[in-house]
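> Return a 3D structure for these sequence lines:
(chains A and B)
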There are 2 protein chains.
Amino acid sequence: MDIGSYMAEVGREARAASRLMARATTQAKNAALHEAGAAIAAARAELAAANGEDMARAAGQGLDAAALDRLKLTDARIDAMIEGLSQVAALPDPVGVITDLAYRPSGIQVGRMRVPLGVVGIIYESRPNVTADAASLCLKSGNAAILRGGSESLASNRVIAACMHRGLRAAGLPERALQVIATADRAAVGHLITMPEHVDVIVPRGGKGLIERISADARIPVLKHLDGICHVYIDDRADLDKAFAVALNAKTQRYGTCNTMETLLVAAPVAAAILPRLGAAYAEHGVELRGCARSCELLPQAVRATEEDWSTEYLAPILAIRVVADLDEAVEHIARYGSQHTDAIVTEDYSRARRFLREVDSSSVMVNASTRFADGFEYGLGAEIGISTDKIHARGPVGLEGLTSQKYVVLGDGHVRG
Amino acid sequence: MDIGSYMAEVGREARAASRLMARATTQAKNAALHEAGAAIAAARAELAAANGEDMARAAGQGLDAAALDRLKLTDARIDAMIEGLSQVAALPDPVGVITDLAYRPSGIQVGRMRVPLGVVGIIYESRPNVTADAASLCLKSGNAAILRGGSESLASNRVIAACMHRGLRAAGLPERALQVIATADRAAVGHLITMPEHVDVIVPRGGKGLIERISADARIPVLKHLDGICHVYIDDRADLDKAFAVALNAKTQRYGTCNTMETLLVAAPVAAAILPRLGAAYAEHGVELRGCARSCELLPQAVRATEEDWSTEYLAPILAIRVVADLDEAVEHIARYGSQHTDAIVTEDYSRARRFLREVDSSSVMVNASTRFADGFEYGLGAEIGISTDKIHARGPVGLEGLTSQKYVVLGDGHVRG
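Predicted coordinates for the structure are as follows:
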């Protein structure tokens, strides 16, 4: 079978399975997730062997150390995968939730019911644990999923998918609700992202290059995350102890995450009071500083930032620092250079806090809190399939709700329109 | 200036204006709409003259009678436009509404704030009143709008846009928040739908051909409405008086609307009891019937339906009728032939009503109510920019809320992540 026909067949099967998943009971979906976890636990040796195969082949193909690390399934990572399935089972089922059901003047009752999107296509790179994590969110939200992992993790993904299938079967749900693309042929992705009749949304997980390529070519909506150029603005009415704590945590708590601060903005009147203290703390953490002219005067270890620094997501122990005149200049800087991901103000001023929340157009806006809080677990979504920097459909951390839509329900008693 | 540079300039201006609109007060936005209405009232003669020009040119170019009727701005239509502006001003402002603000275990408060999408591109055919209707919804929801009307209504659109600009100016809001594409060059649309950096969403209003072309070529999300193949299913546990009322109203209250019933499904056990009675009523209204074999036995005036009839949106006094075995067969028929727009069941059976609501995957699902209720006014949205048959972002009637998104707001007191 050629790749186009194979993918169309996968799509048709997914569409058919999605109709059954949409009406699956909460109990059945939870049972499938628990059974899948038990199956992974039982297949631990088999999974380790398959992952060993993937690792050996990848090493032979010269994959770098970071990619090999992402590919490796340690015992702890397998435990986390099983635990993740159990956590998703414990989340409230979004499907069927009816809200705002109210009588209208005509006498009909109108409300909205949450429903699955249908078929979700997930395209990801080396981490095989995504196979279980992403699939569990899709299934719990009543969707069918088509997964396309990296070719380097094919053997690991197959074993995980087989365990998920065991779970679905045990719960009386269709196995084809989860399909893992069985070919390493790169053309499979091209077909997956151009079948709007079979696939409702694409979620790419991986580097920016992957996401940009997919977004450019997709004929289906893409829930995507591009840059995370996050800012903290220390206002001149900030409590400087809070400012210190937030600005330090936002940069140093983890370096490689998308919600890590990449640029610190400081109001000129407090720059001399806060920057040297922060600079010493960043130095202790080995953070390289790149500052504007005024920042460099106050921070002897800083080098001069170039224009490019303001729009760079370092994902590393590097921080750009700029002294700004006031809130207006901070908001302007964020609008110009930011990526609409997560931005925070530190201030005790009521009106400025309100203005920042309203005027900064990012998926998360914060007052006196570290940008590192921007994620699904911290927000109470349970788990996230990704963080969206788009505005359409879902913005910010995307959990189960982001994999659903709402339809209108109308209840009448023989009502007709006049 | 070439068309590409012109459109890019329009896009940049819209983006800049959208930032100001996003923070505009409710008071200013409402004032702009009221002032625009007053300006249209004052420009009635000028508008009539411009519309006369458009009509004369269109007639000369051989536009058909239906298109000429859509193009014409009668006094009543101008009144409706002014009234529409005032109604949108009276709607609650969705922007800035914060929901679900709650404390998390970490101590931060997390909620969601409703925010404008940014820049909305509207592409429409001859009706010039869309210029005021669509623009008012975009502006009230804090967006900037780029309008591309049909070339046949260019003169009318210019006068309406000038009135809207007078309103914006009077309220201290940027005129460039509303731009009407000034060229008849068809390439303008091609640019408009492929500038994701300047435009956030496209709303096409017009025939299916227009919408399909735009959806195929757009590089920006499209809020679209394709077919409205709506069903009423009369269950064998229906109250037949309610069934009669709903099935008659759903077909005959208006023929050309997307929420009009196009196929009637009747459970076999009640077909003989309800179809002849309905058939007589349809005959009185001059509705042509196309039935399955069993329907034709019960309805002497019916002709046999072809396979094509089940997936045809007639938009006319024609109705397809099929006798089905039961609810399962009805749900299956709707899944196969429907357009996921609006479908209704008539039944007194509790469990079947619940099943229909859950299992039919349409933007509106109804029990014992006419499909004709599926619109923004009847649902309490105030006004609608369209009805979406998509699942992503907005489904069903799209009002002000569909032109917004939600961002996360996080309030802390110096909180950092552990």
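
> Distance check, residue A:195 against residue A:11.
5 Å (CB to CB, to the nearest Å). Placement of C-beta: from N, CA and C, glycine included.

> what's the closest non-adjacent residue to residue A:304?
residue A:296 (5.9 Å; CB to CB, 6 or more residues apart in numbering or on different chains).

> What's the separation between the one you found and residue A:267?
For residue A:296 relative to residue A:267 (CB to CB), the value is 17 Å.

> Over to residue A:191?
According to CB to CB, residue A:191 stands 52 Å off from residue A:267.

> which of those two has more neighbours?
More neighbours surround residue A:267 than the other of residue A:191 and residue A:267, with 24 against 20 (other CB atoms under 10 Å in any protein chain shown).

> Not counting its neighbours along the chain, what's nearest the more buried one?
residue A:236 (3.9 Å).

> residues in contact with the one you found?
A:267-270, A:326 (CB atoms under 8 Å, 6 or more residues apart in numbering or on different chains).

> Top of those by number of neighbours, please.
Highest neighbour count within the contacts of residue A:236: residue A:267, with 24 neighbours (other CB under 10 Å).

> give me phi/psi at that residue?
Main-chain torsions, residue A:267, degrees, to the nearest 10: phi -70, psi 140.

> do residue A:255 as well
Backbone dihedrals for residue A:255, given as degrees, to the nearest 10, come out at phi -90, psi -30.

> Might one say that it is in contact with residue A:317?
Yes: taking CB atoms under 8 Å as the definition, residue A:255 is a contact partner of residue A:317 at 5.3 Å.

> Residue A:263 and residue A:324 touch, don't they?
No: judged on CB under 8 Å, residue A:263 makes no contact with residue A:324 at a distance of 10.6 Å.

> residues shared between the contacts of these two?
residue A:333.

> If you tally nearby residues, what's the number for the residue lying closest to residue A:283 once chain neighbours are set aside?
Closest residue to residue A:283 apart from its sequence neighbours, by CB to CB, 6+ apart: residue A:301 at 6.0 Å. Counted with other CB under 10 Å, residues neighbouring residue A:301 total 13.

> Show me the strands in the stretch 151-300 of chain A, by range?
Under the criterion DSSP state E, counting those that start in this stretch, strands of the stretch 151-300 of chain A are mapped to A:178-180, A:201-205, A:230-234, A:261-267, A:288-291.

> In terms of mean pLDDT, which of the ones you listed ranks lowest?
Among the strands of the stretch 151-300 of chain A, strand A:201-205 carries the lowest mean pLDDT, a mean of 92.

> now what about that one, what contacts it?
A:117, A:120-125, A:130, A:134, A:192-193, A:210-211, A:214-215, A:218, A:220-224, A:385-386, A:393, A:403, B:392.

> Name the residues of that strand that are buried.
Within strand A:201-205, the residues scored as buried using 16 or more other CB atoms under 10 Å in any protein chain shown are A:201-205.

> what does stretch A:329-349 give?
A:329-331, A:333-334, A:337-347, A:349.

> Under the pLDDT cut-off, which ranges of the stretch 201-350 of chain A? List them.
For the stretch 201-350 of chain A, no stretch is flagged by pLDDT under 70.

> ok, and does the longest strand along chain A reach over to chain B?
Secondary structure of chain A per DSSP state E: the longest strand is strand A:404-415. Yes: counting by CB under 8 Å from any CB of the partner chain, chain B has neighbours in strand A:404-415: A:405-415.

> Next, the angle strand A:201-205 makes with that strand.
Going by axes from the mean of the first three to the mean of the last three CA atoms, to 10 degrees, strand A:404-415 is angled at 160 degrees with respect to strand A:201-205.
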